[in-house]
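**Q** Give me the fold of what follows.
(2 chains)
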Amino acid sequence: MSRRENIIIKFLLFLLLLSGAFLRLITGEVDIDFMQFNTIFTNGTTENLIVIHHRLPALLNAVFVGAGLSLAGYLMQVVFKNALAGPYILGVASGAGLFVAVFLLTGISCILATVGVSFMAIVGAMAVALLLLLLLTKIRQTTTILIVGVLISSVATAVISLLQYFSSDEKLKKFIVWTMGNTEASSLNESLLIATITVLVFLIIRARQKSINLLMLPDNKAFSLGLNVKHTQIISLLMASVVTGVSVAFCGPIGFVGIVVPHLSAMLVKTRLVQFNLFMLFLTGANLVLYADLLAHLPQGTLLPVNAILAIFGIPVIFYIVLRKKSVIL
Amino acid sequence: MNLESAHIEIKALQFGYSNHRLLDKPLHFTAKQGEFICVAGKNGCGKSTLLKTILTLHQPISGSVLLNKKDIYHLKNEERAFYIAYADADRQIFGNFTVKDYLLFGRYPYLSVELKPTEQDIKQIEQLVEYFNIAHLLQKDIQTLSSGEYRMLQIVTAFVQDTQVVILDEPTANLDLDKSVNVFDKLSDLAKRQNKLIIIATHQINLAFKYASKILLFHQRNYYFDSPSKLAKAPVMQAFFDNDSLHWNAEKMIFEW
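**A** Residues are numbered from 1 along each chain as shown, chains lettered A, B, ... in the order given. A predicted model of the protein is given here:
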């Protein structure tokens, strides 16, 4: 793709994101009169509550969880040199999910209420990421690590279902709603935390784009070109797991974004190199979740699960990846 | 990066895996710029392991590897990349790159975080593409290269790094005979003309004797380090293959059958 096409696509995606953001802020069950800026920005008014403390966090969540999970997926695919790697397949998200389930479904929540769901999710995500890293030093075959990831996921799911079985109706409902993926469950501060972490990860990837590109080469080759391979793998995986952790914590397990968006982005820019993908990952991921979220709000009076919508979009793309072996994306 | 003449000094080196030394006595040798050194020996004798030990990919059991009198293990990775380039057969690459894009990786030690190649970077690549005759591959996707084409790409990428020392692990495996001869010819030429120290591991003993300036031969946990003409007369050559139909011709310096 020529440089000009590239800029045009990014510009269009940016416009799409802006209009989506605008839509997300002005639509909803309550009609808001946007002529009255003052009331919206005055603390305590209904308008303020709806726009600033309800719709804005949801908007930030959609944009930055979408972008963040895309970056996380990209990093994981590069670290494991595998097009099917992603926060969910590798079990990192399930680790976060398991810790959240323990938090929400058992009595522990009273004791740990102060540290909160997000902390638990990050710990869960990191625990799995560290386990995978440990394996990466022992096993060179990345397929094996992928299988281990799938097994970790299964164990986490099994434990979660046991916890569900033994928990009260009230807690169970809270948890089930969480598993559906929801952008509206977090406070403005929590959304700002997700945004900050995503932006930080974006900037760190930008600053380390040379190292991350080298990770795509055979390890020995990358080493001979001056890369500290293990060091870069660790940093990349830790970044990916922190982003996954916070997004799982506040928005539930938003599947498919992490695995699908890196491929969409690579298909658009026709390369895997970081410098061409970074903005594209951000824009594609943000748009995908934002519009899935808008779709979820389309039926009046109810909220569809964002996860279901993303899966309906995501699964065809995964099929496409698996079936087109010699393509740009593998 | 052209300082004084670069040299590598191997001092009392024992290498291999924790409880499996590859040689009975420790290895000593010195190699300097302008030399083309072929490491030969049968499968599993430690050719690749030695190359990896020099590159610091593999910890030595004892002894040391000195680059310009300094312990190479004390160099930072980024620093070492200015002195030593390396290539092997590993194809575990993620993503699709054109050969042209891939060659630029060889310039990575010199690029800033913006990753914008300078004119000098481009020129360096173009010259080597022409020298090694791979211009026809430039637009090809590396995942579609044959193993021979991939070897050539690896060799060229290593030289793109523009280091004093170039280490290649079996650069001519998977290459046609004519291409292998061509590669040996070019390597010996580059060592002389561009004053590089080129160390390769190879199974092509006949070619090694024709083109190398020194040969490091591993045989039955011993090593022999000499110029081809001297090594050709050593008894080890007669004993090298325990195959009656293969015999060593010391005059022509080739194995005949």
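**Q** Enumerate every residue touching the residue of the stretch 151-257 of chain B at minimum distance from chain A.
**A** Closest residue of the stretch 151-257 of chain B to chain A, C-beta to the nearest C-beta: residue B:161 (7.1 Å). Every residue, glycine included, has its C-beta placed from N, CA and C. By C-beta atoms under 8 Å, 6 or more residues apart in numbering or on different chains, residue B:161 lies in contact with A:224-225, B:81, B:85, B:106-107, B:109.
**Q** how does it look with 10 Å?
**A** Going by C-beta atoms under 10 Å, 6 or more residues apart in numbering or on different chains, residue B:161 touches A:224-226, B:81-87, B:105-110, B:124.
**Q** can you tell me how far it sits from residue B:81?
**A** Noted for residue B:161: a distance of 7 Å to residue B:81, by C-beta to C-beta, to the nearest Å.
**Q** Kindly report the same for residue B:171.
**A** 19 Å.
**Q** picking that back up, how close does the residue of the stretch 151-257 of chain B closest to chain A get to residue B:11?
**A** Residue B:161 sits at a distance of 26 Å from residue B:11 (criterion: C-beta to C-beta).
**Q** Residue B:27 contacts residue B:223, correct?
**A** Yes - Residue B:27 is within contact range of residue B:223, at 5.9 Å (criterion: C-beta atoms under 10 Å).
**Q** what residues are shared contacts of the two?
**A** Shared contacts of residue B:27 and residue B:223 (C-beta under 10 Å, 6+ apart): B:46, B:50, B:216.
**Q** Okay, the first one and chain A: tell me how far apart.
**A** Taking C-beta to the nearest C-beta, to the nearest Å as the measure, residue B:46 and chain A are separated by 16 Å.
**Q** ok, now which ones touch the residue lying closest to that residue once chain neighbours are set aside?
**A** Leaving aside its chain neighbours, residue B:46 sits nearest to residue B:22 (3.5 Å; criterion: C-beta to C-beta, 6 or more residues apart in numbering or on different chains). Residues in contact with residue B:22 (C-beta under 10 Å, 6+ apart) are B:14-16, B:41, B:44-47, B:49-50, B:53, B:61, B:218, B:221, B:223.
**Q** ok, residue 138 - contacts?
**A** Here I'm looking at chain A. Applying C-beta under 10 Å, 6+ apart, the residues contacting residue A:138 are A:144-145.
**Q** meant chain B, my bad for not saying
**A** Taking C-beta under 10 Å, 6+ apart, one finds B:98-103, B:125-126, B:129 in contact with residue B:138.
**Q** Can you flag which of these belong to helices?
**A** Cross-referencing these against helices under DSSP state H gives B:99-103, B:125-126, B:129.
**Q** List, out of those, those positioned next to chain A.
**A** The residues of those that also fall near chain A, by C-beta under 10 Å from any C-beta of the partner chain, are B:101-102.
**Q** Can you select the buried ones from the ones in helices among the contacts of residue B:138 in PyMOL?
**A** In PyMOL syntax, the buried subset of the ones in helices among the contacts of residue B:138 is picked out as below (16 or more other C-beta atoms under 10 Å in any protein chain shown):
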select buried, chain B and resi 99+102+103+125+129
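**Q** Now do residue A:323 against residue B:94, distance only.
**A** From residue A:323 to residue B:94 the distance is 19 Å (C-beta to C-beta).
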